[in-house]
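Chemist: 3D, please:
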Amino acid sequence: MQNQARKQITLYSDGSSLGNPGPGGYGGILEFKGTRKEYSGAEAVTTNNRMELRGVIEGLKLLKEPCDIEVISDSSYVIKAINEWLDGWVKKDFAKVKNVDLWKAYLEAAASHRVRGTWVRGHDGHPENERCDALARMEAERIKSLL
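Modeler: Predicted coordinates for the structure are as follows:
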């Protein structure tokens, strides 16, 4: 398996929170060679950053084998953490870091993959980002209506 080429996956993700904290949702799209799978979910009480990160984690958990993954998100928090901050956070055992539970879940979900992040401007007409935003908002509204 060492020399075998890994699948190239694009993971688009977005999060939404109605209030911060408040009801929230996430939405994502996994893309492989033109095939797409959408996913989404919600939490009753959460923050926008938690939903942004949760969207990435849930997408990674859907993958069945080690892959090369490009995470595309409008969350500079998530993208900078993946590309720049995470190694330092691990070295200092997450001292003074928020959302430690989710960052540890991210590390577990990402462990077998090679992940890099790409930031895109939100609400700027990027089709996949707009779709993820719509999924996240729909989930946030759905859970809000149940409360």
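Chemist: what residues does the longest helix along the chain touch?
Modeler: Across the chain, the longest stretch assigned as helix under DSSP state H is helix 127-146. Applying Cβ atoms under 8 Å, 6 or more residues apart in numbering, the contact partners of helix 127-146 are 12-18, 22-29, 31, 38, 40-44, 51, 55, 72-74, 120, 122-123. From N, CA and C alone the C-beta is placed, and that goes for glycine too.
Chemist: buried residues in it?
Modeler: Using 16 or more other Cβ atoms under 10 Å as the test for burial, helix 127-146 gives 128-133, 135-137, 139-140, 143-144.
Chemist: and of these, the nearest to N83?
Modeler: Closest approach to N83 among the buried residues of helix 127-146 (Cβ to Cβ): N129, at 17.7 Å.
Chemist: what helix or strand is G24 on?
Modeler: strand 22-32 (DSSP states H and E).
Chemist: hmm, back to that, among the contacts of helix 127-146, which are located in helices?
Modeler: 51, 55.
Chemist: quick one: terminal-to-terminal distance for stretch 83-92?
Modeler: With Cα to Cα, to the nearest Å applied, stretch 83-92 spans 17 Å between its terminal residues.
Chemist: quick one: contacts of that stretch?
Modeler: 81, 97, 103, 106-107, 116-117.
Chemist: re the thing from before, off-centre distance for the longest helix of the chain?
Modeler: Here helix 127-146 is found 14 Å from its chain centre; the criterion is Cα atoms, centre = their mean, to the nearest Å.
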